[in-house]
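Peer 1: Need the 3D shape of this:
(one chain, ligands or ions: 1)
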Amino acid sequence: MTDESFDVVVIGAGPGGYVCAIRAAQLGMKVACVDKRGAFGGTCLNVGCIPSKALLHSSELYAEARDGLNAFGIKVPTVELDLGAMQDQKSKVVKELTQGIEFLFRKNKVTALKGTGRLNGPGRVQVELNGGGGQELAARHIVLATGSEVAPLPGVEIDEQRIVSSTGALELEEVPNHLVVVGGGYIGLELGTVWRRLGAKVTVVEFLDRITPGMDLEVSRQFQRLLSRQGLGFKLATKVTGVDAGGDRLLVATEAAEGGEAEKMKADVVLVAIGRRPYTDGLGLETVDLTTDNHGRIEVDSRFATGADGVYAIGDVIRGPMLAHKAEDEGVCVAEHLAGQRPHIDYDAIPAVIYTAPEVASVGKTEEQLKDAGISYRTGKFPFSANSRARATGQTDGFVKILADAGSDRLLGVHIIGADAGTMIGEAALAMEFGASSEDLARTSHAHPTLEEAIKEAALATHGAPLHI
Ligand SMILES: Cc1cc2nc3c(=O)[nH]c(=O)nc-3n(C[C@H](O)[C@H](O)[C@H](O)COP(=O)(O)OP(=O)(O)OC[C@H]3O[C@@H](n4cnc5c(N)ncnc54)[C@H](O)[C@@H]3O)c2cc1C
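Peer 2: Numbering: from 1, shown residues only. Sure thing, here's the model as predicted:
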């Protein structure tokens, strides 16, 4: 028996799902959103973006107080780490933000259900409530926003104590002596730097011969140099073949990516961060004749419609970058489509940020992608060492790199490595969304002295006319 009918039922209350539910309700639809986690906000708020950024910030403050203040004439006699208090602060932030979603659901009259949702044939969602009991919902439209999970490493079993995923790495109660991070992507590097700053020896093992695959190679190389200077060790073109958890310390077996002699490394904690994969377990896709592609993703068209009538999918569970703001944008977009509007997402204007120190941020194409596509482009670069604000604050590492179409001057890609890169990339994303040229950026007045002036200078450099270098 169907308990209640809705215009839209959203399964998953991560950034994709909860934003979709709110937007659909704003547009006058009757909406329910169901999530099986005890707290709303999905991976991002509970075990992803937010707790990682909280720990990145506090560990940066700690390292700054310990090593960085002398240069500014500030003497701090002793700096002590209270890891418990640091973790409590992170948990408090997570709790406040996840409760904030409950408030937003109430405000927008979204029916929020804590339980596991399962498709039960066309237009039906069966919910097993976390507190016991079930409910069947009838829905004109169903939006699948079930997100992603940690990709497993064959032969290595995660126990979230000593062999951890990002979730366990956010909860460590002691600073490990030696942390081995498997995977040189952004999650491994962000969490690796957290524990490095708190005192761990950190070794990153990466299968490829470079870190951060997909990032502009020049930026990636500079990034690795800066991380090495902070004490992170790298074993590139190397694969982890197993972890022996039998003894007091872990024994991590590695060998060259293309095969070779096995090596063993002792570690106290191993973080498996080789990527994430779409999550559709127990979702009942078969009840509406849906299957996933060979990456486990639900296939959708440009309106996020799946092959099943009335069923849509957004966020990490479909193609595209696994990023919270991409999931949010899709949540808004699908709700507006359902309301008869015709919104559009420019996937080339979605920024990506790594929140290490310095930060790394990019939007648009990399130089390698432009070369592969045979597009002719001009490059403009400007180092922060020549930016007056960066010199005043001692944040001179890194540069801005702008790629513009050689013919039209339209911006094709902007890549920033440097302090506050994640904030600065907003200007570039906005410019790209509006189809700006590099000259538009160069002629926009930038306040002085700011780090953003490096963007203007890099834009000038694409025309061979930077002013301050
Ligand atoms: C450590 C870490 C750091 C990250 N940092 C960033 C960052 O700084 N910036 C950024 O943009 N992205 C970051 N991400 C990625 C970001 O978290 C994801 O891209 C984002 O959460 C995807 O949103 P989503 O709504 O698609 O799915 P999710 O956030 O994964 O939410 C899906 C929800 O669906 C629920 N669910 C699944 N199946 C069912 C079911 N059958 N019934 C009910 N509920 C179900 C799950 O419990 C989950 O709560 C990070 C990820 C990690 C792991």
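
Peer 1: Just name whatever secondary elements the biggest strand by length in the chain is in contact with.
Peer 2: Across the chain, the strand with the greatest residue count (assigned by DSSP state E) is strand 134-144. Judged by 3 or more Cβ pairs under 8 Å, 6 or more residues apart in numbering; DSSP states H and E, the packing partners of strand 134-144 are strand 4-11, strand 31-35, strand 111-119, strand 124-129, strand 311-313, helix 324-338. Every residue, glycine included, has its C-beta placed from N, CA and C.

Peer 1: Apply 10 Å and report the result again.
Peer 2: Strand 134-144 sits against strand 4-11, helix 15-26, strand 31-35, strand 111-119, strand 124-129, strand 311-313, helix 324-338, with contacts defined as 3 or more Cβ pairs under 10 Å, 6 or more residues apart in numbering; DSSP states H and E.

Peer 1: How about the residues of the stretch 1-150 of the chain by the ligand?
Peer 2: Residues of the stretch 1-150 of the chain lying close to the ligand by Cβ under 6 Å from any ligand atom are 11-17, 34-37, 42-44, 48-49, 52, 116-117, 145-148.

Peer 1: same check, this time on the stretch 201-350 of the chain
Peer 2: 279, 282-283, 315-316, 322-325, 327.

Peer 1: Might one say that residue 377 is in contact with residue 401?
Peer 2: No - counting by Cβ atoms under 10 Å, residue 377 does not reach residue 401; the two are 11.2 Å apart.

Peer 1: what about the helices in the stretch 301-450 of the chain?
Peer 2: 324-338, 367-373, 388-393, 421-433, 438-443 (DSSP state H, counting those that start in this stretch).

Peer 1: Number of residues surrounding residue 104?
Peer 2: 17 (other Cβ atoms under 10 Å).

Peer 1: give me the low-pLDDT residue ranges for the stretch 101-250 of the chain?
Peer 2: Counting by pLDDT under 70, the stretch 101-250 of the chain shows no low-confidence range.

Peer 1: Which residue is it, in it, that comes closest to the ligand?
Peer 2: residue 147 (2.1 Å; Cβ to the nearest ligand atom).

Peer 1: Spit out the contact partners of that residue.
Peer 2: Shown in contact with residue 147 (Cβ atoms under 10 Å, 6 or more residues apart in numbering): 12-17, 35, 37, 42-44, 48, 276, 278-280, 314-317, 322, 327.

Peer 1: quick revisit: JSON lines for the helices of the stretch 301-450 of the chain, including mean pLDDT and mean neighbour count?
Peer 2: Formatted as JSON lines, those follow (pLDDT from 0 to 100; neighbours: other Cβ atoms under 10 Å):
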{"stretch": "helix 324-338", "mean pLDDT": "98", "mean neighbour count": "23"}
{"stretch": "helix 367-373", "mean pLDDT": "98", "mean neighbour count": "14"}
{"stretch": "helix 388-393", "mean pLDDT": "97", "mean neighbour count": "15"}
{"stretch": "helix 421-433", "mean pLDDT": "98", "mean neighbour count": "20"}
{"stretch": "helix 438-443", "mean pLDDT": "98", "mean neighbour count": "20"}
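
Peer 1: Please write out the alpha-carbon positions of stretch 218-229 in PDB.
Peer 2: C-alpha atoms of stretch 218-229 as PDB (Å, rounded to 0.1, in the frame of the first residue of the first chain):
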ATOM      1  CA  GLU A 218      53.200  22.100 -15.000                       C
ATOM      2  CA  VAL A 219      51.000  22.900 -12.000                       C
ATOM      3  CA  SER A 220      51.200  19.300 -10.800                       C
ATOM      4  CA  ARG A 221      55.000  19.200 -11.000                       C
ATOM      5  CA  GLN A 222      55.200  22.500  -9.000                       C
ATOM      6  CA  PHE A 223      52.700  21.100  -6.500                       C
ATOM      7  CA  GLN A 224      54.800  18.000  -5.900                       C
ATOM      8  CA  ARG A 225      57.900  20.100  -5.400                       C
ATOM      9  CA  LEU A 226      56.200  22.200  -2.800                       C
ATOM     10  CA  LEU A 227      54.700  19.200  -1.000                       C
ATOM     11  CA  SER A 228      58.200  17.600  -1.000                       C
ATOM     12  CA  ARG A 229      59.600  20.700   0.600                       C
END
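
Peer 1: Give the buried residues for that stretch.
Peer 2: For stretch 218-229, the neighbour count (16 or more other Cβ atoms under 10 Å) marks 218-220, 222-224, 226-227 as buried.

Peer 1: Could you do stretch 240-257 as well?
Peer 2: 240-241, 243, 249-250, 252-254.

Peer 1: Just flag the most distant two among these.
Peer 2: By the measure Cβ to Cβ, 241 and 249 form the most distant pair in the buried residues of stretch 240-257, at 17.6 Å.

Peer 1: State the distance from residue 254 to the ligand.
Peer 2: 23 Å (Cβ to the nearest ligand atom, to the nearest Å).

Peer 1: can you tell me which helix or strand that residue belongs to?
Peer 2: Residue 254 belongs to strand 250-256 when assigned by DSSP states H and E.

Peer 1: what's downstream of that strand, the next helix or strand?
Peer 2: Using DSSP H and E, the helix or strand that follows strand 250-256 in sequence is strand 263-267.

Peer 1: That following strand pairs with which strands, and in what direction?
Peer 2: With DSSP bridges as the test, strand 263-267 is paired with strand 250-256 (antiparallel).

Peer 1: Can you give the contact residues for the partner strand?
Peer 2: With Cβ under 10 Å, 6+ apart as the test, strand 250-256 has contacts from 155-156, 162-163, 176, 178, 180, 182, 203, 205, 235, 237-245, 260-270.

Peer 1: What subset of those is buried?
Peer 2: Buried, going by 16+ other Cβ under 10 Å: 156, 162-163, 176, 178, 180, 182, 203, 205, 235, 238-241, 243, 265, 267-270, out of the contacts of strand 250-256.

Peer 1: Out of those residues, which sit inside helices?
Peer 2: Among the buried ones among the contacts of strand 250-256, no member falls in helices (DSSP state H).
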